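**Student:** just coords:
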């Protein structure tokens, strides 16, 4: 590679890395417990273990479930209900208004058979929620999310430019070369190169899908505008219905429309997922992939009739796919453990990169170092 | 020319190893999404192998 090209890639790698490294360290450190969020919630009792409902069991009526939940928070309105696919548990999110944002929601978890309250912690309280906010939006909502997304994109550019520089560095070396006995700088450099390449594919995908996930809210809003746009004229000028049709009937209608799927969650009118006039019943399949490819069924919340079954647009498919690929929650505990190990290796890449920058000389020295590595041993 | 007479180990492109690692990672990332059982196992094996690559490099490090 020409000296000028090496210099350009070196400058790109240096600056994209420097800007994002501290935030990436924060993301890697907070991400570590989040990988095991489900397990931690079970261990701490924040999310008690409940056995799944026996096959064919009669579940308690959903409208009664919602009423039970509202008795815990008088004056609130229901926002979402959803089911745990592995336990006889459902949640009812409530809030003071239909557009209550998640940090202010109050949630009741109920046994789906008996309607008894499951003594679970609020999802938006406690240490794990604190860590989640640090990981996603730095406690400042959408601007924080978009900022972290930008850091994720810089990370992707840093990985790609790092890979380009790996070429001249390793032209004369076998893959996996770790020279720890010469200078401390060379040891860290080799470590940075080996680990950077080992984590290459994983870090690219986790970085990119993390950046995509920060766009969830705007994408969901775009989807809502699009799916409701078709029949907006029919509901134009009508206020949000004051009394809603039966939730149980809405879910039954959606089940009949998608007999091979099960409901994952339902959005109430006005919550930002299904417009002002509809229940959105989001159906899911039972494989790791179809579990996340929700199929929405829109039920008119006044008449109880099925209005539409909109197809997910490409950008929503990409968003829904980006979630498991970022969380690593789709291959049971062994995949989570491997996710955590790769996360730790990425932390070492970040720290070694930081070390190499602190122990730097001038840019010219570094470029010469890379240039020499490519010609070393008489090429 | 190399004084030992044989060609150095790294006359292949240095990008061969990264290309294989990227491809394997892709397989590992997608496999567990497609199903359970064997699909999970493939993902576990791929990522275990990547971590083993690093452990191998570490145990063979040149200490002088």
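**Tutor:** Yes, it's here. As the structure is a prediction and not an experimental result, all values here were calculated from the model. Numbering: from 1, shown residues only, chains lettered A, B, ... in the order given.
**Student:** OK, now which residue of chain B is nearest to chain A?
**Tutor:** Of the residues in chain B, the one nearest chain A is residue B:25, at a distance of 2.5 Å by C-beta to the nearest C-beta. (Glycine included, C-beta is placed from N, CA and C.)
**Student:** which stretch of helix or strand covers the residue lying closest to that residue once chain neighbours are set aside?
**Tutor:** Leaving out its chain neighbours, the residue that sits closest to residue B:25 by C-beta to C-beta, 6 or more residues apart in numbering or on different chains is residue A:201, at 2.5 Å. Using DSSP states H and E, the element containing residue A:201 is helix A:200-213.
**Student:** kindly report the same for residue A:110.
**Tutor:** Take DSSP H and E as the rule and residue A:110 turns out to sit in strand A:106-111.
**Student:** again with residue A:155
**Tutor:** Applying DSSP H and E as the criterion places residue A:155 in helix A:142-170.
**Student:** ok, now how distant is residue A:138 from chain B?
**Tutor:** For residue A:138, the distance to chain B (C-beta to the nearest C-beta, to the nearest Å) stands at 27 Å.
**Student:** show me what contacts that residue?
**Tutor:** Each residue near residue A:138 by C-beta atoms under 8 Å, 6 or more residues apart in numbering or on different chains is listed here: A:144, A:147-148.
**Student:** check residue B:29 too.
**Tutor:** For residue B:29, the contact set (C-beta under 8 Å, 6+ apart) comprises A:201-202, A:205, A:325, B:43.
**Student:** got a PyMOL select line for the buried ones in those residues?
**Tutor:** To isolate the buried ones among the contacts of residue B:29 in PyMOL, judged by 16 or more other C-beta atoms under 10 Å in any protein chain shown, type:
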select buried, (chain A and resi 201+202+205+325) or (chain B and resi 43)
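**Student:** what residues does the stretch 201-350 of chain A have near chain B?
**Tutor:** Listed as neighbours of chain B in the stretch 201-350 of chain A under the rule C-beta under 8 Å from any C-beta of the partner chain: A:201-202, A:204-205, A:287-289, A:321, A:324-325, A:330-332, A:334-335, A:338-339, A:341-342, A:345.
**Student:** repeat that with 7 Å
**Tutor:** Contact residues, the stretch 201-350 of chain A versus chain B (C-beta under 7 Å from any C-beta of the partner chain): A:201-202, A:205, A:287-289, A:324-325, A:330-332, A:334-335, A:338, A:341-342, A:345.
**Student:** among the residues you listed, which ones are buried?
**Tutor:** With burial judged by 16+ other C-beta under 10 Å, the buried subset of those is A:201-202, A:205, A:288-289, A:324-325, A:330-331, A:334-335, A:338, A:341-342, A:345.
**Student:** coming back round to it: quick check: which element contains the residue of chain B closest to chain A?
**Tutor:** Element membership for residue B:25, per DSSP H and E: helix B:16-34.
**Student:** going by neighbour count, which residues of that helix are buried?
**Tutor:** Neighbour counts over helix B:16-34 (16+ other C-beta under 10 Å) mark B:17-18, B:21-22, B:24-25, B:28-33 as buried.
**Student:** before we move on, back to that, hmm, which two among the buried ones among the residues of the stretch 201-350 of chain A next to chain B are most spread apart?
**Tutor:** Farthest pair in these (C-beta to C-beta) is A:289 and A:345. Separation: 26.8 Å.
**Student:** let me see the domain layout of chain A.
**Tutor:** For chain A, automatic domain parsing gives the domain ranges A:3-38+A:135-214+A:332-375, A:55-118+A:216-327.
**Student:** now render these as JSON lines, adding mean pLDDT.
**Tutor:** Formatted as JSON lines, the domains of chain A follow (pLDDT from 0 to 100):
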{"stretch": "domain A:3-38+A:135-214+A:332-375", "mean pLDDT": "95"}
{"stretch": "domain A:55-118+A:216-327", "mean pLDDT": "93"}
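**Student:** tabulate the ones you listed (TSV), appending distance to residue B:53.
**Tutor:** Supplementary listing: the domains of chain A in TSV, determined by distance: least, C-beta to C-beta, whole Å:
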stretch	distance to residue B:53
domain A:3-38+A:135-214+A:332-375	6
domain A:55-118+A:216-327	22
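**Student:** you'd agree residue A:253 is up against residue A:299?
**Tutor:** Yes: look at residue A:253 against residue A:299 with C-beta atoms under 7 Å: they come within range, at 5.8 Å.
**Student:** list residues touching both of those two?
**Tutor:** Common neighbours of residue A:253 and residue A:299, using C-beta atoms under 7 Å, 6 or more residues apart in numbering or on different chains, are residue A:306.
**Student:** one step back: which one of the contacts of residue B:29 is nearest residue A:125?
**Tutor:** Comparing those against residue A:125 with C-beta to C-beta places residue A:325 closest, at 28.0 Å.
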